[in-house]
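Visitor: build the 3D model from these lines:
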Amino acid sequence: MNKTLIIAEVGQNHQGDLDTALEYIRVFSENGADVIKFQTRNNKYLFSEDAYNKDYNSDNAFAKSYGEHREKLELKPEWLTILKNECEKYNVKFMSTPFDEPSLDLICNAGVDLIKIASFDLGNLPFLNKISKKGIPVVMSTGGGDLKVVQDSVEILQKGINDISVLHCVSEYPCAHDRLGLEVIEKYLKMFPSCKIGMSDHFSGILSGPVAYMLGARVFEKHVTLNRSLKGTDHSFALEPHGFASFVRDIHRVPEM
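Guide: The predicted model follows:
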């Protein structure tokens, strides 16, 4: 009952650079992560032509159009096996979020250990059915979803997967401490007794981990960065290595206390 799974969510904070992605694996495995998580998109499949070519005027833009901006932040498909091997080298699990059907097949072919389902695919039953058929352990965030949609999504996944984690999540970036709503963890424990329950957390601090553990969470996902001042939307609220190590330490201390 005390065993935890702690996920370092790199997302696209590697900024499309393989060496940086490999450094994330090395650094955050050494600071207590059990899982290193990336994201995988096929942008031309995912977005309409108009959306792909739309001007993207943002301080965090890496290109003039939204599609080109997204492409700058992607890992090349041939790098996924390299990342998988690096995770094995550092004794952590390799995980990715597929944002579309081609990306789902891609990460499965690369040997992903776990599949992450993003909150916005909650209730996307055709996609969840395809994921279920892969039979690979799944971690699903539930930001913005009502309880009926969460329940329907879990039932679809359970058709083919025995190892499912349901993570309470608030889809705010960052999320203020008084908006975390961690009491939902207790609801999920009652609703999904055969699933692991946890938290996907966009709070910029570390106190949420121990509190969530005390409420029954055993899976914890936290955004990470090598430097909070880097260009990009997710760096500012992510934890740097020292902060992540403290997050892990404090979660592990709770059952000892």
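Visitor: so where's the chain uncertain?
Guide: Scanning the chain for pLDDT under 70 picks out 1.
Visitor: which helix runs longest in it?
Guide: helix 241-256 (DSSP state H).
Visitor: need the residues that contact that helix.
Guide: With contacts defined as CB atoms under 8 Å, 6 or more residues apart in numbering, helix 241-256 is touched by 2, 4, 6, 8, 27-28, 31-33, 206-207, 209-210, 213-214, 220, 222, 224, 226, 239. Where you see a C-beta, it was placed from the backbone N, CA and C, and this is true even at glycine.
Visitor: quick one, what contacts Val139?
Guide: 7, 95, 114-117, 164-165, 167, 198, 219, 221.
Visitor: distance to Ser132 and secondary structure for those residues - can I get that in TSV?
Guide: Below are the contacts of Val139 laid out as TSV (distance: CB to CB, whole Å; DSSP: H, G, I helix; E, B strand; the rest coil):
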residue	distance to Ser132	secondary structure
Ile7	21	strand
Met95	17	strand
Leu114	14	strand
Ile115	10	strand
Lys116	14	strand
Ile117	10	strand
Ile164	10	strand
Ser165	14	strand
Leu167	18	strand
Gly198	20	strand
Val219	19	strand
Glu221	21	strand
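Visitor: how about a markdown table for the residues you listed, with distance to Glu183 and neighbour count added?
Guide: What follows is those, written out as a markdown table (distance: CB to CB, whole Å; neighbours: other CB atoms under 10 Å):
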| residue | distance to Glu183 | neighbour count |
| --- | --- | --- |
| Ile7 | 22 | 27 |
| Met95 | 27 | 27 |
| Leu114 | 26 | 19 |
| Ile115 | 27 | 21 |
| Lys116 | 24 | 26 |
| Ile117 | 22 | 24 |
| Ile164 | 21 | 19 |
| Ser165 | 18 | 24 |
| Leu167 | 15 | 26 |
| Gly198 | 14 | 27 |
| Val219 | 17 | 21 |
| Glu221 | 18 | 24 |
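Visitor: which residues touch the closest residue to Thr142 other than its chain neighbours?
Guide: Of all residues not flanking Thr142 in the chain, Val150 sits nearest, at 5.0 Å (CB to CB, 6 or more residues apart in numbering). Contacts for Val150 were tallied using CB under 8 Å, 6+ apart; they are 122, 142, 166, 188, 191.
Visitor: at 10 Å instead, please
Guide: Counting by CB atoms under 10 Å, 6 or more residues apart in numbering, Val150 touches 122-123, 140, 142, 166, 168, 184, 187-188, 191-192.
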